[in-house]
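Undergrad: Generate a structure from the sequence data that follows.
(chains A and B)
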Amino acid sequence: MSGNPLAQAWDLEERRRRQWLPGLRWRVAGLAGLGVLAGTAAWLARIHQSAPIDSGNLPGLALACAALAALVVGHERTRAGRDLVHGWLASAPLPVERTREALRRRVIGRSIGRLVMVWLAGMGLALAAGAAWLAMIVAPALGVAMGGTAGWWLARRPSQAAPLVLPRLARRSHCGGTEAGLRALSRWPSAMLRADANPRLHALITGSLLMALPDMPLSRALAVLLLLALALLAWDLATATLKTLREAADWLGVSPLGSRRRQWAVLRKSAASVLVVVVAMAALALALGFPGWLVLAVAVTWLSACIRAFALEGGRGAPARRERA
Amino acid sequence: MSAASLRLSGLVADRGIRRVLDGVSLEVARGEWVVLLGANGSGKSTLVDCCSGRLEPRGGTVVIAGHDLGTDPVAARAALGAAGPPQRLPELLSARECLAIMAAARGLALIDAEVLELASTLDLAPWLDDAVALMSLGTRQKLCVLLALLGDPALILLDEAFNGLDATSSLRLKQHLADRVRAGRCGVLLATHALDIAGHWADRAVLLHQGRIVHAWNRAELKALRTTPGGLEAALAARMTAADTAGHA
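TA: Next comes the predicted model:
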């Protein structure tokens, strides 16, 4: 075996993960179908001149694409760094250049699909707005490239001195019976959310959005920023909940606590929070004048994706994962 | 051959806000097997993590076969074989793939024939082409040790590496390590609670207590303890109590 061993190890793992991922073809087909639907909707919106943005908002659209790309790349960069520092090859004699190359390859490989989706969504919105063909392609692409680069540099670098991301724990012990334990479990996603938060990246995204809205009245600009903050919160909450479900299935999977009770304990606060945040987002988007069908479609898609992911992750225990491997 | 396998000077390390190692100095010579003993939470794993580069110390130096881990990490790690925790192995790769990747990382064209032979000796050969996810704790533990032995490193670092191993495999692995040490090919630092290894296989046993080395027994003293009532276990408990009393005073 030659080349970059770290990159080869990560590539191999990624290939296996894809091989064993259930229903990957269906997911790809679903995404393709969604793409065709979105493209048609954008085309119809162009014809009927009912786009959510107009062609003068292209810089803002590019910045929105940049913000999403920064989030995606920043998240993957942090994950890759964590796997490197605490992984099985942590003490292998690898030169820094090889490590950086492997990190680049992995982050690009894992985020490219989502970055292309952001680009396509940006193109769809630009198409609906009636932008020129070149501007329609270049503006979101530029935004994705800029955001991806910013996300790479602003991602949290896991430190060797702090071995794990440690959620801040209450100093008072909450142990004292099953109910108290379940309450502690229901608080875990929010603790995880605080531990994984990246204020630097979020500040960059907010700043870039502020720059994208120079001509907007202050009250409207603040409402748009609030909408974005809620979207970030919904994303982070869903991610933290999935992580907690996975960890709880691993270490509580063999306990007498039934899987439904365990899932309920994890989800009762976090799923309700996700729902509240999505409803607030939808209300705000409607107040901002976004078309009702678009708001409803986004909210329903987001909630159904969350429910499916929670159900999949919650129902999956460590033994099930081993069987599949 | 002149440089010690490991030289630690004034090592200080923290876990979160807790100071775990507080000025540890230790030397492991080539051809020497040192066992690190201590209570749970005394800092054994933290010391091993600092030596393997998994944890950055707050102070002090780690020198492996003459190379400072802080200033020349690639050379230091090239001389080091560290068996990581079995739960950190990549579940979706096979044992052979793990060995091939680690061999490549150490600059080897192929997996060492000696390591493959040891895999057969430890009854790991039938598992070599299976995914790590399918392996038991003991089998994963064997793989971790084999990964550490690739490339004939000058220092072998093991943290509870005999946990989960069956008696036969455990004995064969100890014999293999002892052969390497006796041939002067490496030094071994093993963090463990298994007192039989300290009593029968080690050249030196070091007691780590509350982040400091409080006592060391040489080979002759370890041999003598085998015939005394309570043996090493009693001696260990007595030393820890004495260290606690001195600490309170």
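Undergrad: tell me which parts of chain B are close to chain A?
TA: Counting by Cβ under 8 Å from any Cβ of the partner chain, the residues of chain B close to chain A are B:14-16, B:49, B:52-56, B:58, B:73-78, B:80, B:82, B:84, B:88-93, B:97-98, B:100-107, B:131, B:133-134, B:147. Bear in mind the C-beta positions are built from the backbone N, C-alpha and C, glycine included.
Undergrad: List buried residues within these.
TA: Buried members of the residues of chain B next to chain A, scored by 16 or more other Cβ atoms under 10 Å in any protein chain shown, are B:14-15, B:49, B:52-56, B:73, B:75-78, B:80, B:82, B:84, B:88-93, B:97-98, B:100-106, B:131, B:133, B:147.
Undergrad: Which of these fall within helices?
TA: Taking DSSP state H, the ones among those that sit in helices are B:49, B:52, B:73, B:75-78, B:97-98, B:100-105, B:147.
Undergrad: ok, those vs A:His75, which is closest?
TA: B:Ile101 (25.5 Å; Cβ to Cβ).
Undergrad: contacting residues for that closest one?
TA: For B:Ile101, the contacting residues are A:1, A:5, A:8-9, A:12, A:89, B:93, by Cβ atoms under 8 Å, 6 or more residues apart in numbering or on different chains.
Undergrad: Report the helix or strand with the lowest average pLDDT across chain A.
TA: Across the helices and strands of chain A, mean pLDDT, DSSP states H and E gives its lowest value to helix A:318-324, namely a mean of 41.
Undergrad: same check, this time on chain B
TA: Per-element confidence for chain B was summarised using mean pLDDT, DSSP H and E. The lowest value among helices and strands belongs to helix B:231-248, with a mean of 85.
Undergrad: so B:Val12, which of the three states?
TA: Put simply, B:Val12 is strand when judged by DSSP: H, G, I helix; E, B strand; the rest coil.
Undergrad: got it, and B:Val214?
TA: In three-state terms, and counting by three-state DSSP, B:Val214 is strand.
Undergrad: do the same with B:Ala161
TA: When classified by three-state DSSP, B:Ala161 comes out as coil.
Undergrad: got the phi/psi numbers for it?
TA: Here the main-chain torsion angles of B:Ala161 (degrees, to the nearest 10) amount to phi -70, psi -10.
Undergrad: That one against B:Gln141, yeah?
TA: Yes. Using Cβ atoms under 8 Å, B:Ala161 is in contact with B:Gln141, at 6.5 Å.
Undergrad: Show me which residues of the least confident helix or strand of chain B are buried.
TA: Of the residues in helix B:231-248, those buried (16+ other Cβ under 10 Å) are B:231-232, B:235-236, B:239-240, B:243.
Undergrad: do the same with stretch B:117-126
TA: Within stretch B:117-126, the residues that qualify as buried are B:118-119, B:122, B:124, counting by 16+ other Cβ under 10 Å.
Undergrad: could I get these as CSV with pLDDT?
TA: As requested, the buried residues of stretch B:117-126 are arranged in CSV below (pLDDT from 0 to 100):
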residue, pLDDT
B:Leu118, 96
B:Ala119, 95
B:Leu122, 95
B:Leu124, 93
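Undergrad: so does the longest helix anywhere in chain A get close to chain B?
TA: Longest helix in chain A by number of residues (criterion: DSSP H): helix A:218-252. No. No part of helix A:218-252 sits close enough to chain B to count as contact by Cβ under 8 Å from any Cβ; the gap is at least 10.4 Å.
Undergrad: next helix or strand past that helix?
TA: helix A:259-287 (DSSP states H and E).
Undergrad: in that next one, what counts as buried?
TA: The neighbour-count criterion (16+ other Cβ under 10 Å) identifies A:262-263, A:265-267, A:269-271, A:273-274, A:277-278, A:281-282, A:284-285 as the buried residues of helix A:259-287.
Undergrad: now the angle from that helix to helix A:218-252?
TA: Put simply, helix A:259-287 runs at 170 degrees to helix A:218-252, going by axes from the mean of the first three to the mean of the last three Cα atoms, to 10 degrees.
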